[in-house]
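> coordinates only, no sequence provided:
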């Protein structure tokens, strides 16, 4: 059976137009939500940033203290090892 009908029919631009309209509508609603909620959220963002900054400072201070303690401990161990080696060398001298 031979037909002369086209294989693909043109269905229109409905899907593309709907997708484009949804994109613009969503972007517009997002802008409205940001504009109306931005003023109320500003104090909360400020407190959050301040709290975040304080926590970061505390963690930095803790890390610095821990590093200093570790370095002091390593220095003490190195000096003890040096003293032990020096003591062994002195003991062997005639």
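Happy to help now that I have it. All of these numbers come straight from a predicted model, not from anything done at the bench.

> got any ranges where this protein has weak pLDDT?
Applying pLDDT under 70 to the chain picks out residues 1-11, 38-42, 91-94.

> what about the helix or strand hosting residue 37, distance to the chain center?
Element membership for residue 37, per DSSP states H and E: helix 14-92. Centroid displacement of helix 14-92 relative to its chain, using Cα atoms, centre = their mean, to the nearest Å, is 8 Å.

> look up phi and psi at residue 13.
Backbone torsions for residue 13, taken as degrees, to the nearest 10, come to phi -110, psi 20.

> what's the local residue count around it?
9 (other Cβ atoms under 10 Å). Where you see a C-beta, it was placed from the backbone N, CA and C, and this is true even at glycine.

> next one: residue 79
10.

> separation between it and residue 14?
The gap separating residue 79 from residue 14 is 82 Å, by Cβ to Cβ, to the nearest Å.

> what's the answer for residue 55, then?
Distance from residue 55 to residue 14, by Cβ to Cβ: 52 Å.

> same thing with residue 31?
In terms of Cβ to Cβ, residue 31 sits 26 Å off from residue 14.

> residue 52 too?
Note on residue 52: its distance to residue 14, by Cβ to Cβ, is 48 Å.

> how about residue 36?
32 Å.

> now swap in residue 29 and tell me
Per Cβ to Cβ, residue 29 is found 22 Å from residue 14.

> now swap in residue 75 and tell me
As judged by Cβ to Cβ, residue 75 and residue 14 stand 76 Å apart.

> same thing with residue 49?
From residue 49 to residue 14 the distance is 46 Å (Cβ to Cβ).
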